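Trainee: sequence below, structure please.
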Amino acid sequence: MTGLLREIRFLSRDSAALLWLGIAVFIAVVSVFLGLREVSSQRTELNNLIAADYREREVEMGRYQDWGEVAYYTFHLTYAPPSDFAFAAQGQRDTSPWKHNIRALALEGQIYETDAENPDFALIGRLDFAFVANLLAPLLLILLLHDLRSAESAAGRYELLCATAARQGSPWLARAALRSSALALCLIGPLWAGGLLAGTDAASLALASLVVVSHIGFWWAVCALMERFGWSSPVNLTALVGAWLAFAVIVPAAIKVSVESIVPLPDGGEILFTQREAVNDAWDLPKDATMEPFIARHPEWADYTEVGQPFEWKWYYAFQQVGDQTVEPLSLAFREGRIRRDRFAGSLAWLSPPALAERALQALAGTDVAATLAYEQQVREFHTALRKYYYPRLFRDEPVSNASLEQRPQFRGTSE
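Mentor: Numbering: from 1, shown residues only. Below you'll find the predicted structure:
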């Protein structure tokens, strides 16, 4: 206890260490504040969109007398609401769509639409807690630990401290442990405060804290390893910053390039172009060219496929689906490729602790690739439900009624 109190006194007199710890608190608080504000903004936007979607549906009651028009003009809001821990790690929500207005038309032309505000901003990313804990905190720890021994050696106190220590290395261990713990508390304190404000469950906050502590522990071990070489403070700092660049920048970039090279994906633009080309070409093809592949997928409507007019809504929606069927192999390959890439990247992330910690926090926040794919699958399932709702009414020429309109599928977000 005496040694700990002594180290606390030393730390309280070290203006440089206090500066780095103060910076850690500041950027952690700012990142949590910005994250809470972003999540609040997303929820407000979603609430407004849900209310507008409901009002629009009410206005449509009685406006259209044909099911083809109802299906064509009715948009259905789909969305992935942010989790209670999303304030800490925005993850894929910065670059992947988390809301769509879906119609019962060809899906592939709708599902990959995005509302990213600024591609350059999305590339840089947000100053969220995950960025602070995984990229900035290691630099602050390096500044706190790089000269523990070398500074004392340069000041001529190293031999005296070693001679008076109860065990060899104990002063440095206690000092490094105190500074590492102080940095961890500077990060975890604002995280828990933000979590309490956001209503995050204690288990998620505890696991996130464990991720932060483990990550700081790794960098403490790196700093301790560098110290054993007996270099001067400037050399230690240079070597440690080089290690940070390697683990936090170079290795993740190499992982990204390797994953993209080893696991190729179909071009997203090719999927959209092929689907739209199939839909547009259907206008000039014989009606049977559309209805035959449609009936192959939906044989239950074989007795209702006769098209006697130049334009009929059932033919129109049939070739919309055939457009999706045309690109189905490409779309499936695109989805499976993203899953393989994510799994491969997860395996290689063990080579980069910052990347591994980033993935862990995103998984806790529900903002990782798996969450993005889960939302996309929800949209696909909802679109299938829309088709199942509209097809019987279109092919049987049922009259439009308010009672039937009220039976339309309603999308429910994951948090509802």
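Trainee: what are the buried residues along the helix or strand where Val251 lies?
Mentor: Element membership for Val251 (DSSP states H and E) is helix 251-262. For helix 251-262, the neighbour count (16 or more other C-beta atoms under 10 Å) marks Val251, Pro252, Ile255, Val259 as buried. The C-beta positions use only the backbone N, C-alpha and C, and glycine is treated the same way.
Trainee: from those residues, which is closest to Leu351?
Mentor: Ranked by distance to Leu351 (C-beta to C-beta), the buried residues of helix 251-262 are led by Val251 at 5.4 Å.
Trainee: quick one, what contacts the closest one?
Mentor: Leu351, Ser352, Ala355 (C-beta atoms under 8 Å, 6 or more residues apart in numbering).
Trainee: the last one contacts Gly346, correct?
Mentor: No. The pair Ala355 / Gly346 is not scored as a contact, 9.3 Å apart, by C-beta atoms under 8 Å.
Trainee: give me the common contacts of those two.
Mentor: With C-beta under 8 Å, 6+ apart as the test, Ala355 and Gly346 reach no residue in common.
Trainee: quick check: Gly269 vs Val259, distance?
Mentor: 20 Å (C-beta to C-beta, to the nearest Å).
Trainee: report the next helix or strand after the helix holding Val251 in sequence order.
Mentor: Immediately after helix 251-262, counting by DSSP H and E, sits helix 268-281.
Trainee: helices or strands next to whatever helix or strand comes next after that next one in the packing?
Mentor: Counting by DSSP H and E, the next helix or strand C-terminal to helix 268-281 is helix 287-297. Secondary-structure packing of helix 287-297 (3 or more C-beta pairs under 8 Å, 6 or more residues apart in numbering; DSSP states H and E): helix 313-326.
Trainee: quick one: the helix it packs on to chain centroid distance?
Mentor: Helix 313-326 sits 33 Å away from the centroid of its parent chain (C-alpha atoms, centre = their mean, to the nearest Å).
Trainee: return the angle between stretch directions for it and helix 268-281.
Mentor: The directions of helix 313-326 and helix 268-281 differ by 150 degrees, with axes from the mean of the first three to the mean of the last three C-alpha atoms, to 10 degrees as the criterion.
Trainee: other SSEs contacting helix 313-326?
Mentor: Against helix 313-326 (3+ C-beta pairs under 8 Å, 6+ apart) you get helix 67-73, helix 268-281, helix 287-297, helix 369-395.
Trainee: which one of the ones you listed lies closest to Glu45?
Mentor: Of all the helices and strands packed on helix 313-326, helix 369-395 comes closest under C-beta to C-beta, at 15.8 Å.
Trainee: of all the residues in the following helix or strand past the closest one, which ones are buried?
Mentor: Per DSSP H and E, helix 369-395 leads on to helix 402-405 as the next helix or strand towards the C-terminus. Using 16+ other C-beta under 10 Å as the test for burial, helix 402-405 gives Leu405.
Trainee: now helix 402-405: average pLDDT?
Mentor: For helix 402-405, the mean per-residue pLDDT is 86.
Trainee: where in the protein is pLDDT low?
Mentor: 1-4, 113-125, 149-171, 414-416 (pLDDT under 70).
Trainee: tell me the domain ranges of it?
Mentor: 31-128+265-405, 131-262 (automatic domain parsing).
Trainee: same list (the ones you listed) but as CSV, adding distance to Gly22.
Mentor: Conversion of those to CSV gives the following (distance: least, C-beta to C-beta, whole Å):
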stretch, distance to Gly22
domain 31-128+265-405, 15
domain 131-262, 8
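Trainee: Ala24: which of those domains is closest?
Mentor: That would be domain 131-262 among the domains of the chain, by C-beta to C-beta, at 4.0 Å.
Trainee: what about the closest residue to Leu49 other than its chain neighbours, which SS state?
Mentor: Excluding the flanking residues, the one nearest Leu49 by C-beta to C-beta, 6 or more residues apart in numbering is Leu77, at 5.6 Å. Per DSSP: H, G, I helix; E, B strand; the rest coil, the secondary structure class of Leu77 is strand.
Trainee: contacting residues for Leu77?
Mentor: Leu49, Ile50, Asp53, Lys99, His100, Asn101, Ile102, Phe411 are the contacts of Leu77 under C-beta under 8 Å, 6+ apart.
Trainee: mind checking which of the helices and strands packed on helix 313-326 is nearest Val222?
Mentor: The nearest among the helices and strands packed on helix 313-326, by C-beta to C-beta, is helix 369-395 at 28.2 Å.
Trainee: return the set of buried residues in the closest one.
Mentor: 369-373, 375-376, 378-380, 382-383, 385-387, 389-391, 393-395.
Trainee: doesn't Glu56 belong to a helix?
Mentor: Yes. Under three-state DSSP, Glu56 falls within a helix.
Trainee: could you report the separation of it from Phe75?
Mentor: 7 Å.
Trainee: what do you get for Ser261?
Mentor: Remark: distance between Ser261 and Phe75 (C-beta to C-beta) = 39 Å.
Trainee: residues in contact with stretch 58-73?
Mentor: 74, 103-105, 313-314, 316-317, 386, 390, 393-394, 398-400, 402, 405.
Trainee: and it, what's buried?
Mentor: For stretch 58-73, by 16+ other C-beta under 10 Å, it's Glu60, Tyr64, Trp67, Gly68, Val70, Ala71, Tyr72.
Trainee: any chance of these in JSON lines, plus distance to Ser331?
Mentor: Listed next are those as JSON lines, based on distance: C-beta to C-beta, whole Å:
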{"residue": "Glu60", "distance to Ser331": "30"}
{"residue": "Tyr64", "distance to Ser331": "30"}
{"residue": "Trp67", "distance to Ser331": "27"}
{"residue": "Gly68", "distance to Ser331": "25"}
{"residue": "Val70", "distance to Ser331": "27"}
{"residue": "Ala71", "distance to Ser331": "22"}
{"residue": "Tyr72", "distance to Ser331": "23"}
